[in-house]
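Undergrad: Below is the sequence, then the predicted model.
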Amino acid sequence: MKNIGKVIEVFSATKDSSGLPRPIVKYLDILKGHGIKNDKFAGKDEDKSVMVVGKKAYDISKENGINLEFGSFGENILFDFDPHDFKIGTVFKVGDVELEITQACTICNHLAVFGKELPFLVKHHRGLYCRVLNNGKIVKDIQVTTKDN
């Protein structure tokens, strides 16, 4: 396994939350075939159980005069590396949890509330959906690894 970075922060769409940014939580309780325990979007689509974003999306936004709070892209996990550098099918090991990249997140108009050009600025760094391969917990600052390709 190759160390590729770490988790900057974790977020969940709790029952009490609405819109963006997603609230920061202490940890994510990850369940195979379901997603994030107590997340209001969990259990809907196994291939979109967890959304990951790299800090690069925030850097691009800031370089273009749009300062965003972490969680503004709707991510569940914010990485200190760009997950878009990896192919569909790549498995990230986040602590003990394995997440498999299934698809790129589509550009949504929800981001336009932060700036009408934002969806286009980050279109290649918007985030990736992952399928959960095993149960576990994910916390801030945990290491992320992947198999050497």
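TA: That came through, no problem.

Undergrad: Quick check: residue 44 vs residue 34, distance?
TA: Taking C-beta to C-beta, to the nearest Å as the measure, residue 44 falls 10 Å from residue 34. (Each C-beta comes from the backbone N, C-alpha and C, glycine too.)

Undergrad: who has more neighbours, these two?
TA: Between residue 44 and residue 34, counted using other C-beta atoms under 10 Å, the more crowded position is residue 34 (16 against 11).

Undergrad: so who does the more buried one touch?
TA: Residue 34 sits next to 42, 43, 46, 49, 132 when contact means C-beta atoms under 8 Å, 6 or more residues apart in numbering.

Undergrad: Let me know the secondary structure of the second one.
TA: When the structure is split into helix, strand and coil by DSSP: H, G, I helix; E, B strand; the rest coil, residue 43 lands in coil.

Undergrad: Who's the closest spatial neighbour of it, skipping the chain neighbours?
TA: Leaving aside its chain neighbours, residue 43 sits nearest to residue 34 (5.1 Å; criterion: C-beta to C-beta, 6 or more residues apart in numbering).

Undergrad: Also the fourth one?
TA: Across the structure, with C-beta to C-beta, 6+ apart as the measure, the residue nearest residue 49 apart from its sequence neighbours is residue 35 (3.6 Å).

Undergrad: Am I right that residue 110 falls within a strand?
TA: No. Residue 110 sits outside any strand when classified using three-state DSSP, being helix.

Undergrad: any idea how far residue 87 is from residue 28?
TA: Noted for residue 87: a distance of 24 Å to residue 28, by C-beta to C-beta.

Undergrad: what about the two, which has more around it?
TA: Set side by side, residue 87 and residue 28 show more neighbours around residue 28, with 25 against 8, by other C-beta under 10 Å.

Undergrad: in what helix or strand does the residue nearest the centre of the chain lie?
TA: Nearest to the mean C-alpha position of the chain, by C-alpha atoms, centre = their mean, lies residue 52 at 1.7 Å. Take DSSP states H and E as the rule and residue 52 turns out to sit in strand 50-54.
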